[in-house]
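> sequence below, structure please.
(2 chains)
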Amino acid sequence: MAVKVLIVEDNPVARSFLNRVVKESFSDPMEITEVGDLLGARRQLEKAKLEAEQDSQHVFKLILVDLELPDGSGLELLTEVSGYPAVKIVTTLYSDDDHLFPALQCGADGYLLKEDRFEVLVEELQKIVRGQPPLSPAIARRLLSHFRPASSPNSGMAPLDSGFAPLGGSAASPGGPSSRSVWMEPAPEWERLTPRESEVLTYLSKGFTIKEIANLMGIKWFTVNDHIKSIYKKLNVSSRAEAAVLASKQGLV
Amino acid sequence: MRGAPPSQFGQSSLDFTESSLNLGPSPVKVEPPGPALPGWPRPPLVPLLILLLLTSLLWFSAAQWLGKLPRLPLQLASSAQHELLLKSSHLPELQAHQGKAILAIRGEREQLPAPSGLLAEHSARWLPEDAQRSLFLAQQQQLRRLAEAGALTLQLSDGTVLALPASPPGLLSLPSGFWLRALVASALAVAALAWLLVPVPQARRALALLTACQAVLVALDALDAGLGTPMPLTFLNLELNLRSTAELAMVGSIVQASCLHMAARQLARRINTLCWLTLGLLALLLSIDALPQAWYWTQAGVQLAGTAALLVQYGSQRLQPHPWTTLFTRFTLPAVLIWPLITWAVISTDAWPEEAHALREVAPQIWSAGMTVLFLALPFMARSQRVAREVILWSALALGSLAVALLWTVMRIRLPLPVLALCVLAAIALGVVARWWLIHRVFERRPLRAAQLFDELYRTIRLVDTQPQQAQAAVTTLLASMFAPLKVETLERELRRSLIVRDGTGMIVPLPSLHRGEPPRAGSRTSLILHGSQSGRRLFTLEDARLADLIIEQIRRAVLFDKAVEQGRSEERLRLAQDLHDDIGARLLTLMYKASTPEMEEYIRHTLKDLKTLTRGLAASNHSLSFACAEWKSDMAQRLAAVDCELQWFAGWDQDIELTVVQWSALTRILRELVSNAIAHAQASVVRIELNLEQGQLALRVQDNGLGQAPELWTHGLGLGGIRKRVKQLGGSVRWQAQPGAGILCDIHIQKLNPERRGLDVTRP
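Coordinates of the predicted model:
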């Protein structure tokens, strides 16, 4: 039985390129479906769902989604398939955290930068499928501020300092951030990282490689990877929980 | 800036809201008329209204009583020979005989032969000699006895005999002077109570007493006017005592007010006690008639105490300047100088020509009117320079004309009309000089001229704009140069506009809010409190507060405008970056996938990466060095790992600075170029990157162990030109060094890697 793969990409050249990357990455027989927009992707997913009722093998195991599609953003698709038991990977030209972080929040298991060389992409894809997702310093920094309990209300965006702070410094001011945590409830489970996880994130945000982090923390490199994977999962869970809280607040559920 | 002792200014920061916001214990909230004057405590209105009502009732019952008393239906005057003259009357039969001397006043049984000119007086207060006083009292008593007995007849110098109706004149025929003075006395009483009712500074107690004494004096004037002639003896005695006591109390409270702001507290208390004891003793002795020549004692008492107050004020200013003391001095000095003039005018009238006699009558009245105006205007004068200027100007004009008139009289020059006109002209000239002096010396705005102020304002705005963390210091400096305060403190309080506090000795200025749109966070805004304008010599006025508000608003607007411009620019850059990235990026990607040769593919990939750096540089504003280093390292490690090359990365800095977009993108591309060279051309297995920032100097060394070649043998097109260009852009130097068999070493040195300043240079030329 072939492994089903869905590639959502509007550029035909890039599509065939990714097709080659996927084929090169795995030795199993592949059944690759290529679509050019969200509509096609939804149709394919629907079809696979019907087929899966007869044979559970007929689900997609791997989905590659481009972020910029003609009829919408890949983020929409990611949200729709968040419960789907497939490895979801974002393929994009944007490598900055402003674009990638929302994708990870929507449940992406990793990302591939389309301008990377063929061999690099193959290696990265294999890593993601094996559970070693990439994490750039910028995204690590974003994650750190996302999970930091004190700043969770306004997710990491520090308020503009007017410069008219009292001379005594922020510690002396009664309305400063120190007093804010007094009435804050402790962050829920899904918003907290273990000390090890935040340590890994801190090192990553400073530009250390997995190997260096393993050395620094005195653990095996695959343990570092496990931590990263767990962080990914928590981010997805937390954003889904946040969405659920929001939805229930707005009476949508 | 000199520090002030805590007793004067230290506690001032907290007690103002109570006085400025609370309308007092009155349950009824009465909106005051006119625009609200911030900072100045407003007394509760209800007690004042009650007092006004009570005084009105009192005056009406007084008028009732006065209406029942017998009085002559005529006004009297005194001739130069101390004869009694018929001055005027509302009765037509008397009007024909105006200006005639009265030889005798006859009753039904007895008569008053040769009535003295003193009978024209309304009070014994301004009769200097004891003999005059007793004659005045005796004749008043006699006349009253005659009037009570029945109808009176006047024997005039031209032989006419006139019968006078002796019936009580009734309520309505009381002279208008009575009602006017009654009104003024009530206003003064209300003013005195208002001083007493507003909380804090003790100076107000002294001012309340001062105003109350003046109210008593004006009330006595009113009664005098209402009684006319003849007057009851008991009233005359009481009136005399009350007058001298009130005048002594006035001068005593001036001494007390002068002592209040004296830094030497112990000495001030002693002077105050001594003064009150002396004045109290004097008043007691005067009231029991224990002193001969009582008038001279009163005049001397007032003069001495006034001089003492002046001395205390000067001493106090020397020890510790205080604007209220300055204000007191400004009014005590003329008063102390004019008092002996009036005294002397009263003593020496007899020697004057006849025309000048009116002056003697008028002088005490002008004095009284001047004092009344002063006490009624005082609360407004301290608040607003404009009111103060006008009041002082007009008082100076009045006093000036009086002084000039007195001078002419003393020089025994008769006063024909042209000379009188000359008097007025001279007084106006004096007024003009006084005005100039007032504007340029006393109310000298601030040491800054307009041009300097604009200069300072511009500099402050630039400083706040470029270095927001310095904003508070910059605004403080600006306000300090405008108002030259004794000291400036910060205050955790949010205000909408500037407030005058502590009776004008302090001003609170809210710092500008630089948040646009969003409301400032609670407690995030602070204010500055300025103590003692012009080193404590001036009071802060409402004009100062409004000026400060205008300045703060200007700073806020300018900074917000700059921010808006900056935001617009960054939005535009963002749009440009997005377009570049989406269009060119996608095409380059397609081109890359279709590349015919690996070299071509690599070239396009390189271009694509440069494009991404460019667009990211456009989109992001600033990058801190530490974050940039993390990204560089992660990027290099990934690229080198892909070709099995080891990265040795060493980065250090003494201070984490913000890199500008230019610096960030230049350094990113330099690093990428150097690492690309090491991979592609040198085929190195180890790349060592050292980056060090120390006191603004950046040293970057990239070293590989590949196939080093002497730099002069390198072919162009390796991106070296690009590196040179970018290093030059950063103001640094680059040096390559080939180590035969040991790779290539590239040293980049940048002298000054400071975040470049936005806007103009704010340092002084």
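
> pick out the residue nearest the middle of chain B.
Centroid-nearest residue in chain B: B:Phe540, 1.5 Å away (criterion: CA atoms, centre = their mean).

> and it, helix, strand or coil?
Assigned with DSSP: H, G, I helix; E, B strand; the rest coil, B:Phe540 falls in the coil class.

> my read: it touches B:Arg502, true?
No - B:Phe540 lies out of contact with B:Arg502 (CB atoms under 8 Å); the separation is 9.1 Å. Where you see a C-beta, it was placed from the backbone N, CA and C, and this is true even at glycine.

> how many residues are close by B:Gly150?
11 (other CB atoms under 10 Å in any protein chain shown).

> B:Ile679: which element?
helix B:661-680 (DSSP states H and E).

> average pLDDT across that helix?
The average pLDDT within helix B:661-680 is 83.

> same question for stretch A:116-135.
Stretch A:116-135 comes out at a mean pLDDT of 84.

> per-residue confidence at residue 217?
Since no chain was named, I'll use chain A. 89.

> wrong one, I was asking about chain B
On pLDDT, B:Leu217 comes in at 90.

> in stretch A:109-128, what's buried?
Of all the residues in stretch A:109-128, those buried under the rule 16 or more other CB atoms under 10 Å in any protein chain shown are A:109-117, A:120-125, A:128.

> also near chain B: which of those, exactly?
A:114-115, A:117, A:120, A:123 (CB under 8 Å from any CB of the partner chain).

> looking at these, which is nearest B:Val302?
Comparing those against B:Val302 with CB to CB places A:Glu115 closest, at 98.5 Å.

> tell me which element the residue nearest to A:Ser136 when sequence neighbours are not counted falls in.
In space, and not counting its chain neighbours, A:Ser136 is closest to B:Ser634: 6.0 Å by CB to CB, 6 or more residues apart in numbering or on different chains. B:Ser634 belongs to helix B:625-642 when assigned by DSSP H and E.

> can you list contacts of that helix?
A:117, A:119-120, A:123, A:136-138, A:141, A:205-209, B:646-647, B:649, B:651, B:653, B:656-659, B:664, B:667-668, B:671-672, B:675, B:679, B:687, B:689, B:691, B:693 (CB atoms under 8 Å, 6 or more residues apart in numbering or on different chains).

> strands - which of these land there?
Within these, residues falling in strands by DSSP state E are B:646-647, B:649, B:651, B:653, B:658-659, B:687, B:689, B:691, B:693.

> from the contact counts, what lies against the helix or strand hosting B:Ala369?
Assessed by DSSP H and E, B:Ala369 sits inside helix B:357-383. Here helix B:357-383 touches helix B:176-197, helix B:203-227, helix B:323-347, helix B:385-410, going by 3 or more CB pairs under 8 Å, 6 or more residues apart in numbering or on different chains; DSSP states H and E.

> next, the angle from it to helix B:176-197.
On the basis of axes from the mean of the first three to the mean of the last three CA atoms, to 10 degrees, helix B:357-383 is oriented at 30 degrees to helix B:176-197.

> so helix B:357-383 versus helix B:203-227, what angle?
Going by the same axes, to 10 degrees, helix B:357-383 makes 150 degrees with helix B:203-227.

> neighbours of the closest residue to chain B within the stretch 1-150 of chain A, just the number please.
Residue nearest to chain B within the stretch 1-150 of chain A: A:Pro137 (3.9 Å; CB to the nearest CB). Residues lying near A:Pro137 (other CB under 10 Å) number 25.

> and if you look at B:Ala642?
14.

> how many other residues sit next to B:Ser123?
18.

> which SS class is it?
Secondary structure assignment for B:Ser123 (three-state DSSP): coil.

> report the contact partners of it.
B:220, B:224, B:236, B:239-240, B:243.

> near chain A, which of those show up?
Of the contacts of B:Ser123, not one also sits near chain A (CB under 8 Å from any CB).

> please convert the residues you listed to JSON lines, extending it with pLDDT, distance to B:Leu85 and neighbour count.
Putting these into JSON lines (pLDDT from 0 to 100; distance: CB to CB, whole Å; neighbours: other CB atoms under 10 Å in any protein chain shown) gives the following:
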{"residue": "B:Leu220", "pLDDT": "89", "distance to B:Leu85": "25", "neighbour count": "22"}
{"residue": "B:Asp224", "pLDDT": "85", "distance to B:Leu85": "19", "neighbour count": "21"}
{"residue": "B:Leu236", "pLDDT": "84", "distance to B:Leu85": "21", "neighbour count": "23"}
{"residue": "B:Glu239", "pLDDT": "87", "distance to B:Leu85": "24", "neighbour count": "21"}
{"residue": "B:Leu240", "pLDDT": "86", "distance to B:Leu85": "24", "neighbour count": "23"}
{"residue": "B:Arg243", "pLDDT": "89", "distance to B:Leu85": "26", "neighbour count": "22"}
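
> which residues of the stretch 51-200 of chain A fall in helices?
Taking DSSP state H, counting those that start in this stretch to define them, one finds helices in the stretch 51-200 of chain A at A:74-80, A:97-105, A:118-130, A:137-147, A:177-183, A:195-205.

> circling back to that earlier point, surely the residue of the stretch 1-150 of chain A closest to chain B meets A:Tyr203?
No - taking contacts as CB under 8 Å, A:Pro137 lies outside contact range of A:Tyr203: 9.5 Å.

> quick check: closest non-adjacent residue to the residue nearest to the centre of chain B.
Closest residue to B:Phe540 apart from its sequence neighbours, by CB to CB, 6+ apart: B:Met507 at 4.1 Å.

> okay, the one you found: pLDDT?
For B:Met507, pLDDT reads 84.

> before we move on, the earlier item: just the buried ones from the contacts of helix B:625-642, in ChimeraX syntax?
Typed into ChimeraX, the line below selects the buried ones among those, using 16+ other CB under 10 Å:
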select /A:117,120,123,136,137,138,141,205,206,207,208,209 /B:647,649,651,657,659,664,667,668,671,672,675,679,687,689,691,693
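
> one step back: widest-spaced pair of the buried residues of stretch A:109-128?
A:Asp109 and A:Arg117 (21.7 Å).

> and the stretch 601-750 of chain B, which residues reach chain A?
When proximity is defined as CB under 8 Å from any CB, the stretch 601-750 of chain B approaches chain A at B:601, B:605, B:608-609, B:612, B:616, B:619, B:626-627, B:629-634, B:637, B:641-642, B:649.

> now the buried members of these.
B:601, B:605, B:608-609, B:612, B:616, B:619, B:626-627, B:629-634, B:637, B:649.

> residues contacting A:Glu9?
Neighbours of A:Glu9 in contact, by CB under 8 Å, 6+ apart: A:15, A:18, A:34, A:36, A:64, A:66, A:91.

> who wins for most neighbours among the residues you listed?
A:Leu18 (26 neighbours).

> in space, what's closest to it - neighbours in sequence excluded?
Leaving aside its sequence neighbours, A:Leu18 sits nearest to A:Ile7 (CB to CB, 6+ apart; 5.4 Å).

> for B:Ile529, give its distance to chain A.
13 Å (CB to the nearest CB, to the nearest Å).

> what is the helix or strand hosting that residue packed up against?
Using DSSP H and E, B:Ile529 falls within strand B:527-531. Strand B:527-531 sits against helix B:471-483, strand B:487-491, strand B:506-510, with contacts defined as 3+ CB pairs under 8 Å, 6+ apart.

> report the buried residues of the second one.
Read that as strand B:487-491. If you call a residue buried by 16+ other CB under 10 Å, then strand B:487-491 has these buried ones: B:488-491.
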